[in-house]
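K.L.:
got a structure for you, letters missing:
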C-alpha cells in the first residue's frame, strides 16, 4: 500500500523527496483529473491532498470520501498553513490519536 500526494508544487516536491509519488496541480480541472487518476492507480492506499486543492474540488472530494472506503483521502495544510477554521496537522493528530506531539 502506497501514498500518493496531490497539491501545489512545493508540497508535492517535499513528498517526492521522501519517496512518495504525486502530481502537482495548478487548476481545479487538473486537480479533478489527478484525483480520478489516483483512484485508478494500483497499490495506492492513501491519497494525501492539500486543503486548498481539496477546497477547489470540494464536491468531488466529498463524493469520494463518503462513497468509497479505499483509498483513504487525507487533507493536509500546504506551505501557506491551514485554511481558516481548520487545525494544524499536530492538532489533527492529537484529536485522532490523543497523543501530544
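P.N.:
Yep, that arrived. None of the values given here were measured: they were computed from a predicted structure. Numbers count the residues shown, from 1 in each chain.
K.L.:
CA atoms for contacts and neighbours, from now on please.
P.N.:
OK.
K.L.:
what's near enough to touch the residue most central in space within the chain?
P.N.:
The centroid of the chain falls nearest to residue 49 when counting by Cα atoms, centre = their mean (1.5 Å). Contacts for residue 49 (Cα atoms under 8 Å, 6 or more residues apart in numbering) come out as 5, 6, 7, 73, 74, 75, 76.
K.L.:
which pair in these spans the largest distance?
P.N.:
Largest separation among the contacts of residue 49 by Cα to Cα: 7 and 73, giving 12.7 Å.
K.L.:
so for the two, which residue has more residues nearby?
P.N.:
residue 7 (28 against 23; other Cα atoms under 10 Å).
K.L.:
longest helix of this protein?
P.N.:
helix 28-39 (DSSP state H).
K.L.:
what is the mean pLDDT for the helix or strand following that one?
P.N.:
For helix 28-39, the succeeding helix or strand toward the C-terminus, using DSSP states H and E, is strand 44-50. Averaging pLDDT along strand 44-50 gives 94.
K.L.:
partner strands of strand 44-50 and their direction?
P.N.:
Within its sheet, and counting by DSSP bridges, strand 44-50 is paired with strand 2-7 (parallel), strand 72-76 (parallel).
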